[in-house]
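Peer 1: Just a sequence and a predicted model for now, questions to come.
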Amino acid sequence: MTKTTQTTTKRTKSTSKSSKRSSSKAQRTERLEGAEIKEQKRRKEQPKVQLHPPYLYPSHILESELEALPIAKCPVPLHVITDKEEARKAIAKIRRHEVIGIDTETRPSFTQGIRYEVSLLQIATPTDCYLFRLNLIGFSIALANLLSDEKILKIGLSLSDDVRCLRRLRPFEPGSFVELQKLCFGYGIRELGLQKIYAILFKERMSKASRMSNWEAKELSPAQIHYAALDAWAALRIFLELRQQPNPSPVYFALL
């Protein structure tokens, strides 16, 4: 074979290889483009999933909007507990429920260096609200055990303060306490006060007129009783409302 023929043969082989490579590359490109088109089509056909559900409630409420709302009322029967036998029966009834609302009231001090202990423990169920006058009957083991029971969710706001004050009366381990301030954030509500959170959800205003009253008075006034009961019942109602929404936030991230 002559030198010219060898060169021509090499060029032919080289051209053939180049052609095969080009053809192979074109086929790969076609396959990739085809796969991309299929993937785009699949994505279009797939139902859209919202990773972050739209918030159902306003994040804040203005003071002017709050003042324009009607006054909220506690619709369930209210029971003021002033002796230990009444307390025992009330605790037995409360234990029939899986979720309760709680709050406390303490006599305000207007003198530096004087501090009062918790006067009242309010516990609300969907059907009743119980006001335990701790300054008269004490914080019993049965009440402490109720608050330690992990099978019963206790709903409230600023619960760390309540627990700290109650533990000064009798040590106990808080069980299944759900902090509303944390829970409401999952629904886009950025208010921290119970009054404003309640107003956002239910378009009613909780009166705060009795907040700084004497909770160790011999007899609690009707206004005091209603105010205290509503705080516990409102916390429970807020939780039950949020739990019904189609995209509820997990309860566990809001545990105390």
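Peer 2: Alright, I've got the coordinates.
Peer 1: residues contacting the spatially most central residue of the chain?
Peer 2: In the chain, the residue lying closest to the centroid (C-alpha atoms, centre = their mean) is L183, at 1.6 Å. L183 makes contact with F239, L242, S249, V251, A254, according to C-beta atoms under 8 Å, 6 or more residues apart in numbering. C-beta coordinates here come from the backbone N, C-alpha and C atoms, glycine included.
Peer 1: buried stuff in stretch 230-250?
Peer 2: Within stretch 230-250, the residues that count as buried by 16 or more other C-beta atoms under 10 Å are L230, D231, A232, W233, A234, A235, L236, R237, I238, F239, L242, S249.
Peer 1: quick one: what helix or strand has the fourth one in it?
Peer 2: Following DSSP states H and E, one finds W233 within helix 222-243.
Peer 1: For that helix, which helices and strands make contact with it?
Peer 2: In terms of contacts (3 or more C-beta pairs under 8 Å, 6 or more residues apart in numbering; DSSP states H and E), helix 222-243 is packed against strand 78-81, strand 99-106, strand 118-124, strand 129-133, strand 153-156, helix 180-185, helix 194-202.
Peer 1: next helix or strand past the lowest-mean-pLDDT helix or strand in the chain?
Peer 2: The helix or strand of the chain with the lowest confidence, counting by mean pLDDT, DSSP states H and E, is helix 3-45 at a mean of 58. Going down the chain from helix 3-45, the next helix or strand is helix 63-67, by DSSP H and E.
Peer 1: hmm, back to that, tell me the predicted confidence for the residue nearest to the centre of the chain.
Peer 2: L183 is assigned a predicted lDDT (pLDDT) of 90.
Peer 1: what does R243 give?
Peer 2: Note for R243: predicted pLDDT of 88.
Peer 1: Contact partners for the nearest residue in space to it that is not next to it in sequence?
Peer 2: Closest residue to R243 apart from its sequence neighbours, by C-beta to C-beta, 6 or more residues apart in numbering: V251 at 7.9 Å. Counting by C-beta under 8 Å, 6+ apart, V251 touches L153, V178, L183, R243.
Peer 1: do the same with R190
Peer 2: R190 neighbours (C-beta under 8 Å, 6+ apart): S59, H60.
Peer 1: could you say which helix or strand contains it?
Peer 2: Following DSSP H and E, there is no helix or strand that holds R190.
Peer 1: Tell me how far it lies from Q181.
Peer 2: Distance of R190 to Q181, given as C-beta to C-beta, to the nearest Å: 10 Å.
Peer 1: How about L240?
Peer 2: As judged by C-beta to C-beta, L240 and Q181 stand 17 Å apart.
Peer 1: cool, and I200?
Peer 2: For I200 relative to Q181 (C-beta to C-beta), the value is 13 Å.
Peer 1: before we move on, what about D103?
Peer 2: Distance of D103 to Q181, given as C-beta to C-beta: 14 Å.
Peer 1: circling back to that earlier point, can you check what angle separates the helix holding W233 from strand 118-124?
Peer 2: In terms of direction (axes from the mean of the first three to the mean of the last three C-alpha atoms, to 10 degrees), helix 222-243 departs from strand 118-124 by 50 degrees.
Peer 1: shift numbering so it begins at 49
Peer 2: Yes, from this point I'll number from 49; that puts the last item at helix 270-291.
Peer 1: Off-centre distance for helix 270-291?
Peer 2: Centroid separation between helix 270-291 and its chain, computed with C-alpha atoms, centre = their mean, to the nearest Å, is 15 Å.
Peer 1: Over to stretch 179-198?
Peer 2: Relative to its parent chain, stretch 179-198 has a centroid offset of 25 Å by C-alpha atoms, centre = their mean.
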